[in-house]
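1. here's a sequence, model it:
(2 chains)
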Amino acid sequence: MPLREGFMPRYNPAIIEPKWQRVWEDNHTFRAPDLPTSEKLYVLDMFPYPSGDGLHVGHPEGYTATDIVCRFERMRGKSVLHPMGFDAFGLPAEEHAIKTNTPPRASTEKNIATFRRQLKMLGFSYDWDRELATTDIEYFRWTQWIFLVIFDTWFDPQQQKGRPIADLPIPDEVTAAGTEAVRRYQDQHRLAYQADALVNWCPALGTVLANEEVKDGKSERGDHPVERLPLRQWMLRITAYADRLQQDLDPLDWSEGIKNMQREWIGRSTGAEVDFYIGSQDGHQAWQAARAASGYPGQPADDVLRVYTTRPDTLFGATYMVIAPEHPFVLRLTTEAQRDAVQAYCVRAAARSDRDRQEDKEKTGVFTGSFAINPVNGQPIPIWIADYVLISYGTGAIMAVPAHDTRDFEFAQKFDIPIVPVVDPGQEATLDRQAVLDGRVCFAGDGLAINSGPYTGLTTAQFKTRITDDLASAGVARGAVNYKLRDWLFSRQRFWGEPFPILHELDADGQPTGMLRAVAPEDLPVDLPHLDDYRPHGRPEPPLAKAPDDWLYPVIDGVRYRRETNTMPQWAGSCWYYLRFIDPKNPEALVDPEKERVWMPIDLYVGGAEHAVLHLLYARFWHKVLYDRGYVSTREPFQRLVNQGMILGEMEYTGYQREDGTWASLPDVGKNAGGTLIDRTSGAAVCEIKLDAEDVEKVGESFVLRNDPTIRIDSRATKMSKSRGNVVNPDEIVQDYGADALRLYEMFMGPLEATKPWSMAGVNGVRNFLDRVWRMIVDDRSETVRLNPAVQDVPPDEEQNRMLHRTIREVTRDTATLEFNTPIARMMEFVNYFSKQTVRPHSAMERFVLLLSPYAPHIAEELWQILGHASTLAYEPWPPYDEALTKEKTIEVPVQVLGKVRARVLVAADASQAEIEAAARADEKVQQWIGDKRVVKVIVVPGRLINFVVK
RNA sequence: GCGAGAGUGGCGGAAUUGGCAGACGCGCUGGAUUUAGGAUCCAGUGGGGCGACCCGUGCAGGUUCAAGUCCUGUCUCUCGCACCA
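-> So this is what the prediction gives:
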């Protein structure tokens, strides 16, 4: 074995890790074939954002897991596609660029370089030849191309399918109105459309945000305040796909938790739309007759208030109605006497942010002065305005049934509105039935109808069907479906995103005509122009509006246009990157259909749960549009999804000290209204004091101060954050312990999907394991690298074989099921055992190294070489095991008497039940425990245990 | 409030899915050796009791020959949603 000078035969990851990384890179060891040559496996990590901070220890957790799967399956003969790239457009990169005052492209490329270096440093087996970034011009050319497909698509509700806009049926009256009218009609039906809507404007970020990007009235990124502002924006009609997005979840191999989150986000509900007459009192009968003749109109006229309800069975209990403060009928319904009060209320509601509305749990509202007629009984009921009804859901108006809806109940109690029970809950133990029947308690469940005229006595389900049918034939209602999901607000007022490939037609005076023109596919990409100043200015006018005229105002066929100056949101690029990885360099198509058909769908997709809703929903939507339009072959992109758990900082012990230096015990510590920590007994402020493990001890359930056990302290691990100073940097771990140790530790911490705290001591533990692996095989006392003399070319003995084959069996089984912590434990047992063996068969060492290689590939490659192999082990066949060799000849069987282990007996591994029982009965201790009691029953589980039941 | 997940030694976690609780690692204790660099090796380590034994998987019940695992109730923690009619 040739040696580099100065290379000591001690395990030194600082030398061997870069060495093997270079070998893999130079030989393109992990290059995936264009088309699979055997059973295919597409394993994907969620796209990282290359932030300026570099990799976090959370990243390598999922990446190591997928890397293990890929290396394992390559050795098992599969054709593996395992690419990596960067989601580089969007706010984080742009914010970083602004902070460091560099052009976004320059700082993005620098950040990508950092990420790439760190990823390569960890030895992941990506096919780097497929690397891409969403900011690559040749990539976003296809992002824009897909946008044009979406723009060119309308959703056919009959076929439940996206179809070319050219196939959209045009009503005769529109055709008659001319080509411009037809174009407008088409524009209204595209999946990508413009709308003037109330949007979430975030001044601090200088852009609007999608509903999904706003949490508790603040921006999900950065936690900045968000305002409601009317703006013209691009929207994607994701709601058209709501049903399919929900239904197609069922067969996916995702955790039920994530599926449920998506289902809840889509929020499908079924019920009915009902029209309540609000015209003049004497016109009611005429209206009823007209409706009975005409049927239920698609658009309601001004003489009705249309509501959506999931409980049409409670119509007889509707004692008032509520419209949202933004409802278009507010002015019309407000009587002179109520005008001032209504106006004051609506002004106040408009000024309050969503956050304020949520924090104020108390119901508020104001009476309009008007009444509507309840269609089931002709009773007039008052119409109120209240902000607990949302303009953006359903019709923006409700019928209120206080007896059977908790929100309506609270409101009715506060404003003294009658509560009429119409559902009898029956005899339920958990509920005061009489209180419900008296209208003192709200019951929102199903039951039997009461006080409901001819419907009295029906079950809730029967009632719903009957009344919906009856009201439909009377022309005043119809069955309806609603979703919480809203259309996707798709434009951003930022520089660092994909430009829309859309032109706005201008007239002779340079004013927009309202006509749109898509950029021709052959003219893509639309690149970003150079700007001297790309920073947002806090106004909702996109920075691209400052682009040079030759970019901003193209002239085509003599017509002058203005480019769309909004850019796409960050999610755009990550909606389809998994397709481009299949064919990253294709200049003709986003992906070659033949390659797409064989590689898709993704067999394993791993990432954090923070993308449970946004990315996964958006990407599924795009995929379905591409599917409908024939560009992809699968209904869903991500067949199997696994969410890695969060890695927390190290366990911390925290005590609370008053200003005078005395300790406050944990149960006494709370927060005041302002959020500062206080001693609840005195109200005085306390501060957190970090404690060392030596200063605390556990007493019963809780930790206390060692010096003063009456003081309880807090012990917990928290999210890693810069402000807490508990962030672990992967660079430092690799430098101090090596990449293999980092990978191994992250897998050894616990189950992949669990949240778990970091521990530096634990890293050291797996590093010690790697040292022991090295010494098991390499002679570290020699001056040159050579095999440990104990490693000899002899066959394993029976016991060694048992250890070897059991290790193979269990590492194989658990790796295949994505349990990575237990295989490491098994390999540790293997090393503990063989390190004590004075003869270590060469063949056993080889097979062990192969088992270790997916987990710790660098040391494995090095040991493989030292064991005498010239080429990489990456494609060596995974070692098989022989079940027969894992078995022992004799086994120890625990003997229970009345379920408690009282003795153990040695029997042959294949002993019969009778033989085990005989051996157990012969045991002196067992006889003692049975004594003169009667043996009622004997349970023998062959190979496991025997239990005597005595009386 | 609603939904999901989880509670096992000082710590991270195992437990072939109803069959010997605590594998493996960290930490700790004792010993050997030390030509120190992430030392190594040996022994021990859930609690109690001198002992035979007893008690132990958040808590309280239940099913079973047998329960960390199944059922009922309850508490705590984490995550997600939160006026969606």
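
2. give me the element the residue of the stretch 1-150 of chain A found nearest RNA strand B is part of.
-> Nearest to RNA strand B in the stretch 1-150 of chain A, going by Cβ to the nearest atom of the strand, is A:Arg10, at a distance of 5.9 Å. For every residue, glycine as well, the C-beta is placed using N, CA and C. Per DSSP states H and E, A:Arg10 falls between elements, in no helix or strand.

3. which residues are in contact with it?
-> A:774, A:780 (Cβ atoms under 8 Å, 6 or more residues apart in numbering).

4. quick one: it from A:Tyr745, how far?
-> 20 Å (Cβ to Cβ, to the nearest Å).

5. again with A:Phe820
-> A:Phe820 is 11 Å from A:Tyr745, by Cβ to Cβ.

6. got a pLDDT number for the residue of the stretch 1-150 of chain A closest to RNA strand B?
-> pLDDT, A:Arg10: 86.

7. and for the residue of the stretch 851-951 of chain A found nearest RNA strand B, the neighbour number?
-> Residue nearest to RNA strand B within the stretch 851-951 of chain A: A:Gly899 (3.0 Å; Cβ to the nearest atom of the strand). Per other Cβ atoms under 10 Å, the neighbour tally for A:Gly899 reads 9.

8. how about it: what's its closest non-neighbour residue?
-> Nearest residue to A:Gly899, sequence neighbours excluded (Cβ to Cβ, 6 or more residues apart in numbering): A:Asn947, at 6.3 Å.

9. tell me the SS of the closest residue to RNA strand B within the stretch 451-600 of chain A?
-> In the stretch 451-600 of chain A, no residue comes nearer to RNA strand B than A:Lys484, which is 3.5 Å away by Cβ to the nearest atom of the strand. Put simply, A:Lys484 is coil when judged by DSSP: H, G, I helix; E, B strand; the rest coil.

10. wait, it sits on A:Gln262?
-> No. If you go by Cβ atoms under 8 Å, A:Lys484 and A:Gln262 don't touch, sitting 11.4 Å apart.

11. how about the residues of the stretch 551-700 of chain A that lie near RNA strand B?
-> Neighbours of RNA strand B within the stretch 551-700 of chain A, by Cβ under 7 Å from any atom of the strand: A:609, A:612-613, A:651, A:698.

12. among the residues you listed, the buried ones, what's the ChimeraX command?
-> In ChimeraX, the members of those classed as buried (16 or more other Cβ atoms under 10 Å) are selected with the following command:
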select /A:609,612,613
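
13. which one of the residues of the stretch 551-700 of chain A next to RNA strand B is nearest RNA strand B?
-> Nearest member of those to RNA strand B, counting by Cβ to the nearest atom of the strand, is A:Lys698, at 4.2 Å.

14. can you list the domains in chain A?
-> Here the domain parsing of chain A from automatic domain parsing is A:27-144+A:571-644, A:269-482, A:652-716, A:730-885, A:889-950.

15. gap between the second one and the chain center?
-> Centre-to-centre, domain A:269-482 and its host chain are 36 Å apart (Cα atoms, centre = their mean, to the nearest Å).

16. hang on, the earlier thing: in a markdown table, list the residues of the stretch 551-700 of chain A next to RNA strand B along with pLDDT and distance to A:Ala97.
-> Formatted as a markdown table, those follow (pLDDT from 0 to 100; distance: Cβ to Cβ, whole Å):
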| residue | pLDDT | distance to A:Ala97 |
| --- | --- | --- |
| A:Ala609 | 87 | 28 |
| A:Ala612 | 84 | 28 |
| A:Val613 | 86 | 27 |
| A:Met651 | 86 | 37 |
| A:Lys698 | 79 | 49 |
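
17. max pairwise distance over the residues of the stretch 551-700 of chain A next to RNA strand B: which two?
-> A:Val613 and A:Lys698 (39.1 Å; Cβ to Cβ).

18. next secondary structure after the least confident helix or strand in chain A by mean pLDDT?
-> In chain A, no helix or strand scores lower on mean pLDDT, DSSP states H and E than helix A:354-359, which sits at a mean of 62. In the C-terminal direction, the helix or strand that comes right after helix A:354-359 (DSSP H and E) is strand A:366-373.

19. how much space between the residue sitting nearest the centre point of chain A and A:Asp250?
-> Closest to where the C-alpha atoms of chain A average out (Cα atoms, centre = their mean) is A:Ala612, at 1.5 Å. Applying Cβ to Cβ, the value for A:Ala612 to A:Asp250 is 17 Å.

20. go on, A:Ile777?
-> Taking Cβ to Cβ as the measure, A:Ile777 falls 49 Å from A:Asp250.

21. those two: which is more packed in?
-> A:Ile777 (26 against 8).

22. residues touching that one, list them.
-> A:787-788, A:791, A:840, A:845, A:849, A:863, A:866-867.

23. quick check: it vs A:Leu744, distance?
-> For A:Ile777, the distance to A:Leu744 - Cβ to Cβ - is 17 Å.

24. again, but for A:Trp145
-> A:Trp145 sits 43 Å away from A:Leu744, going by Cβ to Cβ.

25. which of the two has more neighbours?
-> A:Leu744 (26 against 17).

26. ok but that one is inside a strand, no?
-> No. According to three-state DSSP, A:Leu744 belongs to no strand; its state is helix.

27. near RNA strand B, which residues of the stretch 301-450 of chain A?
-> Near RNA strand B, when you scan the stretch 301-450 of chain A using Cβ under 7 Å from any atom of the strand, you find A:308-311, A:324, A:354, A:357-358, A:360-361, A:363, A:387-390, A:393-394, A:396, A:398, A:405, A:407.

28. could you confirm A:Lys925 falls within a helix?
-> Yes. Under three-state DSSP, A:Lys925 falls within a helix.

29. which SS class is the residue nearest to A:Gly899?
-> Applying three-state DSSP: A:Asn947 is strand.

30. tell me the secondary structure at the residue nearest to A:Glu892 when sequence neighbours are not counted.
-> Once flanking residues are discounted, A:Glu892 sits nearest to A:Arg904: 5.0 Å by Cβ to Cβ, 6+ apart. Under three-state DSSP, A:Arg904 falls in the strand class.

31. who's in contact with A:Arg904?
-> A:Arg904 touches A:892-895, counting by Cβ under 8 Å, 6+ apart.

32. likewise A:Thr468?
-> A:272, A:312, A:477-479 are the contacts of A:Thr468 under Cβ under 8 Å, 6+ apart.

33. could you flag which of those are buried?
-> Buried, going by 16+ other Cβ under 10 Å: A:272, A:312, A:477-478, out of the contacts of A:Thr468.

34. now for those: which two are most distant?
-> A:Pro312 and A:Arg478 (10.4 Å).

35. burial count for the closest residue to A:Asn211 other than its chain neighbours?
-> Once flanking residues are discounted, A:Asn211 sits nearest to A:Arg486: 5.4 Å by Cβ to Cβ, 6+ apart. By the criterion of other Cβ under 10 Å, A:Arg486 has 17 neighbours.

36. surely A:Arg486 touches A:Arg237?
-> No. A:Arg486 is beyond contact range of A:Arg237, at 10.4 Å (criterion: Cβ under 8 Å).

37. just the CA trace of the helix or strand hosting A:Arg562, in CSV.
-> Assigned by DSSP H and E, A:Arg562 belongs to strand A:559-563. Extracted in CSV, the C-alpha atoms of strand A:559-563 (Å, rounded to 0.1, in the frame of the first residue of the first chain):
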residue,chain,number,x,y,z
VAL,A,559,-47.9,47.8,-31.3
ARG,A,560,-46.3,49.2,-28.2
TYR,A,561,-46.4,47.2,-25.0
ARG,A,562,-45.4,47.6,-21.4
ARG,A,563,-43.9,44.6,-19.7
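
38. give me the nearest residue to A:Thr319, chain neighbours excluded.
-> A:Pro418 (4.7 Å).

39. check contacts around that neighbour.
-> Counted by Cβ under 8 Å, 6+ apart, A:Pro418 has contacts A:319, A:402, A:412, A:439.

40. alright, that wraps it up for me.
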